[in-house]
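1. got a sequence here, can you build the structure:
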Amino acid sequence: MPLLYDLSKLTVGTTLRLGWRPRVEGLEHVPRHGGAILAGNHLSVADELFLACATPRHVTFWAKSEYFTGRGPGGWLSRRIVSGMGAIRVERAGGRAALSALDAAVPVLRAGGLVAVYPEGTRSPDGRLYRGRTGMTRLARDAEVPIIPVGVLGTAEVLPVDARLPRRHPVALRFGPPIPVAERIHGPRDIRTVTDEVMAAIQRLTGQEYVPRYAPPRSSRT
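-> This next block holds a predicted model:
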């Protein structure tokens, strides 16, 4: 576990556990060793904090490329933080640049690491669960690891969009049984089938209403 990540678990993690006392279920589904993808619903920027707090192993997250390229003292600090946390750089421009983030996650998974993925691609605009994108399943296929569905509840109330300070509200995290991937993929249709299966598992964990279309990007929301 990276040193900075370890220190964050001790400081921020302890604050979350004592301040919010998140309820965690199904943690036995997270393997003690070996690679796996943690695929969760996405309600708030607090999702990552509570997921890291609840998972005893190091979890690798993605961080936008701006955190790696900032200038001045602030840029230096952000680079040190995201690098020290073991984050994977992701380009938000799309295309081949964005796919490089998936490529970077493969060796992490093959080396036995855990990587968190939010298959909706963005935070839910209304608390509902939207159609999953297939990059998650392609990543699991290429790295030959299972996908563990994760349902998070309450984080949208803890840290709503544009909120400056977190609020007190019950939080729950539910881990489901691993879903095997690599041996089930024989063509593009299988990739979509497995992706939909993962989303259905997340929906069962959260009880969210499912929307069979992709979530709108934040830039298009009013």
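2. please make it C-alpha for all contacts and neighbour counts, starting now.
-> OK.
3. now the helices for this protein?
-> For the chain, applying DSSP state H gives helices covering 3-8, 14-20, 46-54, 66-69, 72-84, 95-110, 135-143, 155-158, 188-206.
4. now do the same end-to-end measure for stretch 6-20.
-> 20 Å (C-alpha to C-alpha, to the nearest Å).
5. who's in contact with that stretch?
-> Residues from elsewhere that reach stretch 6-20 (C-alpha atoms under 8 Å, 6 or more residues apart in numbering): 22, 49, 50, 52, 53, 168, 169, 170, 171.
6. neighbour count, distance to residue 114 and pLDDT added to the residues you listed, as JSON lines?
-> Output for these, formatted as JSON lines (neighbours: other C-alpha atoms under 10 Å; distance: C-alpha to C-alpha, whole Å; pLDDT from 0 to 100):
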{"residue": "22", "neighbour count": "21", "distance to residue 114": "21", "pLDDT": "98"}
{"residue": "49", "neighbour count": "16", "distance to residue 114": "15", "pLDDT": "91"}
{"residue": "50", "neighbour count": "22", "distance to residue 114": "15", "pLDDT": "95"}
{"residue": "52", "neighbour count": "20", "distance to residue 114": "11", "pLDDT": "93"}
{"residue": "53", "neighbour count": "22", "distance to residue 114": "14", "pLDDT": "94"}
{"residue": "168", "neighbour count": "12", "distance to residue 114": "29", "pLDDT": "94"}
{"residue": "169", "neighbour count": "16", "distance to residue 114": "27", "pLDDT": "96"}
{"residue": "170", "neighbour count": "14", "distance to residue 114": "26", "pLDDT": "97"}
{"residue": "171", "neighbour count": "19", "distance to residue 114": "22", "pLDDT": "98"}
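7. could I get these as CSV with distance to residue 140?
-> What follows is the contacts of stretch 6-20, written out as CSV (distance: C-alpha to C-alpha, whole Å):
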residue, distance to residue 140
22, 28
49, 23
50, 23
52, 20
53, 23
168, 35
169, 33
170, 32
171, 28
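8. out of these, flag the one nearest to residue 145.
-> Residue 145 has its nearest neighbour among those in residue 52, at 19.5 Å by C-alpha to C-alpha.
9. excluding chain neighbours, what is closest to that closest one?
-> residue 59 (6.3 Å; C-alpha to C-alpha, 6 or more residues apart in numbering).
10. what is the burial count for that neighbour?
-> 22 (other C-alpha atoms under 10 Å).
11. wait, it sits on residue 114?
-> Yes - between residue 59 and residue 114 a contact is recorded at 5.1 Å, counting by C-alpha atoms under 8 Å.
12. cool, thanks, signing off.
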